[in-house]
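Colleague: Structure for the following, please:
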Amino acid sequence: MSGNSAFVMVTERGWRRGLGNLLSNEFAAWWKTKLWWIQCLIWGGIIGFMLGAIIFGSPDFALDEALFIYSIFAGLFPAVAVVIVMQDAIVGEKQEGTAAWVLSKPVSRPAFILSKFAANSVGVLATMVVFPGIIAFAMLSLAAKAPLDLSRFLPALGVIFLSHLFYLALTLMLGTLFRGRGPVIGISLGFLFMQQYLIGMLPALKYALPWTLVIPLNNQNDAIVPALLTGQPPYSLIPLAAIAVEIVVFVWIALLRFEREEF
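Modeller: So this is what the prediction gives:
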């Protein structure tokens, strides 16, 4: 069947049944459409514009200030795009009937969820983290008249990606819990912008929420990414472990809930 242009035989078994075909389809949604270059243009342009305004618009340019601004704009605003992209990943397919059609084929439900998570994670990493990061690295290195320290910059990119992955997994999970787009995008975006108030009411939450991965509360050392970029020790590594565990929990809940979904 592999020579047939329309059908490819499924060889996976168990929970992986159909995973390869689903991954190919999900990657095509990113890389064979305009989605990838639009996201690159948006976030590369925003990061480039903001850094350019600081670097070339101020005679008293300070590298630490530019790094701080980069952390905020790279860590906070693309998260909104992650939620918008992911709101349709499950809900849209349920409403349009494509999820029921796909699952009528030799495809497992875990493979359906995991393909969404994996392909969108790679898309977000490439277009919202790596590409804008390359632009930021080039501009900041040019302004500093020396290449930035990659041993600081690359871990910072990793933390930014971890923050985006949190919102990706959260929105994916919400898509399995609700049938409408409203609750999915509303809860995700509400949570994104309410965290600083939640931390204000209960300061211990800064160790469990992704806000202080990228955005300081009082000074630059209150957030992990600015601290990494400026060569300061992070205030704690606990949030990294906590967010990683929460991502796994979100995906696990999504898998359990989707197994009981009726079409």
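Colleague: Report the distance from the helix or strand where Tyr70 lies to the chain centre.
Modeller: Per DSSP states H and E: Tyr70 is located in helix 63-75. Distance of helix 63-75 from its chain centroid, counting by Cα atoms, centre = their mean, to the nearest Å, is 18 Å.
Colleague: same question, stretch 120-131
Modeller: Using Cα atoms, centre = their mean, the offset of stretch 120-131 from its chain centre is 7 Å.
Colleague: what comes up buried for it?
Modeller: Asn120, Ser121, Gly123, Val124, Leu125, Thr127, Met128, Val129, Phe131 (16 or more other Cβ atoms under 10 Å). No exception for glycine: its C-beta is placed from N, CA and C like everyone else's.
Colleague: Straight-line length of it, end to end?
Modeller: One end of stretch 120-131 sits 15 Å from the other (Cα to Cα, to the nearest Å).
Colleague: Who are the packing partners of the helix or strand in which Leu170 is found?
Modeller: Here Leu170, judged by DSSP H and E, is contained in helix 150-177. Helix 150-177 is packed against helix 63-75, helix 77-96, helix 109-124, helix 131-144, helix 181-201, helix 211-214, helix 224-230, helix 238-259, with contacts defined by 3 or more Cβ pairs under 8 Å, 6 or more residues apart in numbering; DSSP states H and E.
Colleague: so can I have CSV of those showing distance to Phe27 and mean pLDDT?
Modeller: What follows is the helices and strands packed on helix 150-177, written out as CSV (distance: least, Cβ to Cβ, whole Å; pLDDT from 0 to 100):
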stretch, distance to Phe27, mean pLDDT
helix 63-75, 24, 92
helix 77-96, 13, 94
helix 109-124, 5, 97
helix 131-144, 17, 95
helix 181-201, 23, 95
helix 211-214, 27, 96
helix 224-230, 28, 94
helix 238-259, 18, 97
